[in-house]
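1. Next come a sequence and a model predicted from it.
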Amino acid sequence: MLCLMIKLNNELKDRKLQVFGTNHERKERLKKFHGVRSNGSNQPEIKKKVTGSKSNVVDKIKAMEEKRTERRRKMEEEKVAKREKAAINQARGEGMIDIDFQNLMETSMISSAKAYPHVPLNYAKIFVCVRKRPLFKKEKESGQIDCVSVANPVIRVGEPKYKVDGITKFIEKHDHRFDNVFSHLENSEDMYKSCIRPMLDKLFNDGVATIFAYGQTGSGKTFTMVALQELAITDIFSLAENDYASLDPQVSLSFYEIYSGRILDLLNNKKRLQVLEDGSNKIQVKGLQEISVESEEELKEAINYANSIRTTKATQANDTSSRSHAIMCINIRDGEGSIIGKFLMVDLAGSERAQDIRSNNRERRAEGAEINKSLLALKECIRALDNAKGNKEAHVPFRASKLTMVLRDSFMGTKKNICIGMLACVSPGYSHADHSLNTIRYAERLKEFLPEEEYAKLASESGGSLPKAPEKKKPKAKKPPVPKESKKKPTKVITRAKWGKIDRVKYSEGLKPSENVDDDDGDDENQEDLMRTKKGELEDWKLLKQTLRSGGEDDFIPMDLQEKADMLLEKKEELISKHMKYIRQVALMLKQEGELITQVQGPECDEENYVRNMRKVVKQKLKIYQDLDKDLEEVDQLMKEEEEAYNLANAK
Ligand SMILES: Nc1ncnc2c1ncn2[C@@H]1O[C@H](COP(=O)(O)OP(=O)(O)OP(=O)(O)O)[C@@H](O)[C@H]1O
């Protein structure tokens, strides 16, 4: 053992190796020096290992380099493709578009191959359609991308978004199904054929057909309504003169707008009207003019005129943005003058105006609050009607807003054939995606839609086809017609329109339109109706708020602000009408004062009479101004409260 150790030590020393450790360790050290593996083989174990790993690393590096080159090649290709696309966009006159989003959007569009033919909408009492307007040149120039695609009855909004990393772009797709949807390639005639034409027979058969156009400013509501009106008028006259000639139908028109809670007659110098509910629960727009028309041209001219004087304001989206709800009502009366059918087309104010309730301008806030309330009320009325499934006892909260109040007959009148159509209009630009989605969601909540299989069956039975022709450019809107006063042929005007029989008054050139209307101020019966109307409005609005709250739909509405804005608007209206009444009274008193002065300065010089009567006048005036001051103080206080509610809502 010792000998072995000495031998091993010597060998180790000869080879300049270290001599510590056990004999086994010494032997291993020597073996290692001679390149002998511990299993006894002569294979250079370690050497091989080193050589193997080196080749792996080289392979890996090579693969990585290849990948990098491929990645660079792809990036370069993408850059070139982007440059090419940008050049194409530029050549088309389109602005600086985000090419990534443009590419993503193009691959996210719904395929029109999936589209069903449009279904004629006489199968439903309530129908809801969506129309997408084309992207305008100036929108393309400003870098807008089309984010809306259509495959009837589905509409898809692609919402451009960033992932949480804040860099990666993606498109969130939102698909929604309706009764019919129309792409920008389809024109108003396509829409008319399936949506409006099927309901016109109802107008001659104890029916009320009401069409609404809903959507954001500039989405094409007025464009659609005007085109549909023109087409409908031609057919209404054709039906009246041919199919239903035996009824001796008479066509008449009324046209008014609701702006900031005020009802203004568009056929009578925007005269302010009142909506009142009488003792027998009939809703009347007091003093509304109804013009009896003899021909298609006369009707179109009157409608053009009314459309041209609507309350509008230029916005970024639209040169003439409507701030009011416009209600066109064509009445069909039989030879006796009784109404046999009504056709209403309601061009609603821009839906995003409802958000003006948060504006920093009080007037805009008041407009916004009113629009908000009326659009919510409209939604609830249509929904209630859909849920009622024909149950006449079901409560429809039509009194909740002026808009729904004047449309009572559209929801629950005595007519047999009621039909409601909602045409939701959307703008295609991606910066409007939010608004387009809001419009679509509003429209979607109005009714329950047919399951896809049933729709498919209906569509295949209808035999309709999907028109693809690009929309022809419509001629510019006609100039407002010559005011009625200077028209050569006098038109018949019907005052005090009633739902039943009417009394006709010849419209003469010398007569100012306002002279046709009664002034009901100070009328006791009127006051009673007014109180009833206000009470009904408050009750239904309260009910509507409860419904919204229970459905979790009031989260986004600053209800306190809405309440205060409503109260302020109401009080302001009351104040102004009182003030006007006082001015008339004071004017009478001034006349009386003048007479008293003349008398006291005259030869009779009855001073006692002068003093006695002047004191009466002064007392009356003091009372009037005290009353006025009280109302002014209330309005002042409400303005402060409304301002506080606004600050609170915006602080949330
Ligand atoms: N389908 C369409 N095809 C071609 N042009 C359209 C279409 N829809 C709308 N337009 C054009 O878009 C512009 C805005 O349309 P329109 O006035 O109808 O919008 P709106 O929704 O009524 O807006 P507002 O609520 O502000 O009144 C108009 O110049 C109109 O001619």
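-> Thanks, I have it. Residues are numbered from 1 along each chain as shown.

2. next structured bit after the worst-scoring helix or strand of the chain on mean pLDDT?
-> Lowest mean confidence among the helices and strands of the chain (mean pLDDT, DSSP states H and E): strand 504-506, at a mean of 33. Downstream of strand 504-506, the first helix or strand assigned by DSSP states H and E is helix 524-550.

3. That following helix packs against which elements?
-> Judged by 3 or more CB pairs under 8 Å, 6 or more residues apart in numbering; DSSP states H and E, the packing partners of helix 524-550 are strand 271-277, helix 362-388, helix 402-406, helix 559-601. In this view, the C-beta of every residue, glycine as well, is placed from N, C-alpha and C.

4. from the ones you listed, which stretch is densest packed?
-> Mean neighbour count (mean count of other CB atoms under 10 Å) peaks for helix 402-406 among those, with a mean of 25.

5. quick check: mean pLDDT across the helix or strand just after that one?
-> Moving toward the C-terminus from helix 402-406, the next helix or strand (DSSP H and E) is helix 408-412. For helix 408-412, the mean pLDDT works out to 87.

6. Quick check: which helices or strands does helix 408-412 pack against?
-> Secondary-structure packing of helix 408-412 (3+ CB pairs under 8 Å, 6+ apart): strand 207-215, helix 362-388, strand 417-426.

7. which other residues reach that helix?
-> 208, 210, 283, 342, 344, 381-382, 384-385, 392, 396, 398, 404, 415, 418, 420, 499 (CB atoms under 8 Å, 6 or more residues apart in numbering).

8. And for the closest residue to the ligand within the stretch 1-150 of the chain, the neighbour number?
-> Taking CB to the nearest ligand atom as the measure, the stretch 1-150 of the chain has R133 as its residue closest to the ligand, at 3.7 Å. Residues lying near R133 (other CB atoms under 10 Å) number 22.

9. can you tell me how far the residue of the stretch 151-300 of the chain found nearest the ligand sits from V208?
-> Per CB to the nearest ligand atom, G220 is where the stretch 151-300 of the chain lies closest to the ligand, at 2.7 Å. Plainly put, G220 is 25 Å away from V208 if you go by CB to CB, to the nearest Å.

10. try D243
-> D243 is 19 Å from V208, by CB to CB.

11. quick one on the thing from earlier: if any of the contacts of helix 408-412 are buried, put those into a ChimeraX selection.
-> Burial among the contacts of helix 408-412 is assessed by 16 or more other CB atoms under 10 Å; the matching ChimeraX selection reads:
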select :208,210,283,342,344,381,382,384,385,396,398,404,415,418,420,499
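
12. Skipping adjacent residues, who's closest to the residue of the stretch 151-300 of the chain closest to the ligand in space?
-> In space, and not counting its chain neighbours, G220 is closest to R133: 4.0 Å by CB to CB, 6 or more residues apart in numbering.

13. need the contact list for the one you found.
-> H184, S219, G220, F223, C425, V426, S427, P428 are the contacts of R133 under CB under 8 Å, 6+ apart.

14. any idea how far the residue nearest to I145 when sequence neighbours are not counted is from the ligand?
-> In space, and not counting its chain neighbours, I145 is closest to Y430: 4.6 Å by CB to CB, 6+ apart. Using CB to the nearest ligand atom, to the nearest Å, Y430 is found at 17 Å from the ligand.

15. My guess is A433 contacts D146. True?
-> No - counting by CB atoms under 8 Å, A433 stays clear of D146, with 10.7 Å between them.

16. Show the contacting residues for M328.
-> M328 touches Q229, L253, S254, F255, I303, A306, L344, M345, V346, D347, counting by CB under 8 Å, 6+ apart.

17. Restricted to helices, list these.
-> Taking DSSP state H, the ones among these that sit in helices are Q229, I303, A306.

18. For P558, grab the count of nearby residues.
-> Neighbour count for P558, taken as other CB under 10 Å: 20.

19. Next one, pLDDT for the spatially closest residue to it that is not a sequence neighbour please.
-> Closest residue to P558 apart from its sequence neighbours, by CB to CB, 6+ apart: A649 at 3.6 Å. You'll see A649 listed with a pLDDT of 79.

20. E525 now?
-> 59.

21. swap in S280?
-> pLDDT recorded at S280 is 78.

22. what does A314 give?
-> Looking at A314, its pLDDT reads 54.

23. re earlier: which of A433 and D146 has more residues huddled nearby?
-> Using other CB under 10 Å as the criterion, A433 and D146 rank with A433 on top: 23 against 20.

24. Dump the contacts of M328 into CSV; add distance to V586 and pLDDT as well.
-> Converted to CSV, the contacts of M328 look like this (distance: CB to CB, whole Å; pLDDT from 0 to 100):
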residue, distance to V586, pLDDT
Q229, 45, 94
L253, 39, 94
S254, 34, 94
F255, 35, 95
I303, 41, 91
A306, 35, 89
L344, 41, 96
M345, 43, 96
V346, 40, 96
D347, 40, 95
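
25. Filter those residues down to just the ones in strands.
-> Using DSSP state E, L253, S254, F255, L344, M345, V346, D347 are the members of the contacts of M328 that sit in strands.

26. quick check, nearest of those residues to P117?
-> Distance to P117, by CB to CB, is smallest for M345 among the ones in strands among the contacts of M328, at 25.3 Å.

27. Could you report the separation of S374 from the ligand?
-> Distance, S374 to the ligand, by CB to the nearest ligand atom: 14 Å.

28. Equivalent analysis for M345, please.
-> From M345 to the ligand the distance is 13 Å (CB to the nearest ligand atom).

29. Contact partners for that residue?
-> Per CB under 8 Å, 6+ apart, neighbours of M345: T210, I211, A213, M225, L228, Q229, A232, I327, M328.

30. Who does it form a beta bridge with?
-> I211, M328 (DSSP bridges).

31. how near is it to L266?
-> 13 Å.

32. R156 too?
-> For R156 relative to L266 (CB to CB), the value is 37 Å.

33. Comparing those two, which residue is more hemmed in?
-> L266 (25 against 20).

34. List phi and psi for that one.
-> With angles defined as degrees, to the nearest 10, L266 sits at phi -80, psi -10.

35. Who's the closest spatial neighbour of it, skipping the chain neighbours?
-> Distances taken as CB to CB, 6+ apart put A306 closest to L266, at 3.8 Å, once the chain neighbours are dropped.

36. which residues touch the one you found?
-> A306 is in contact with F255, L266, L267, A326, M328, counting by CB under 8 Å, 6+ apart.

37. at 6 Å what do you get?
-> For A306, the contact set (CB atoms under 6 Å, 6 or more residues apart in numbering) comprises F255, L266, L267.

38. And for C381?
-> C381 sits next to V396, F398, T404, F411 when contact means CB under 6 Å, 6+ apart.

39. Please report phi then psi for the second one.
-> F398 adopts backbone torsions of phi -70, psi -20, taken as degrees, to the nearest 10.

40. Could you double-check that it lies in contact with V406?
-> No - F398 lies out of contact with V406 (CB atoms under 6 Å); the separation is 9.1 Å.

41. re earlier: close to the ligand as well: tell me which of the contacts of M345 qualify.
-> Checked against the ligand using CB under 6 Å from any ligand atom, the contacts of M345 yield no neighbours at all.

42. Tell me the predicted confidence for the spatially closest residue to A369 that is not a sequence neighbour.
-> In this structure, A369 finds its nearest non-sequential neighbour in A565, 3.5 Å apart by CB to CB, 6+ apart. Note on A565: pLDDT of 85.

43. What of H174?
-> At H174, the model reports a pLDDT of 93.

44. ok, A306 to K564 distance?
-> From A306 to K564 the distance is 33 Å (CB to CB).

45. residues in the stretch 1-150 of the chain within reach of the ligand, list them.
-> So far as CB under 6 Å from any ligand atom goes, the stretch 1-150 of the chain lies against the ligand at R133, P134.
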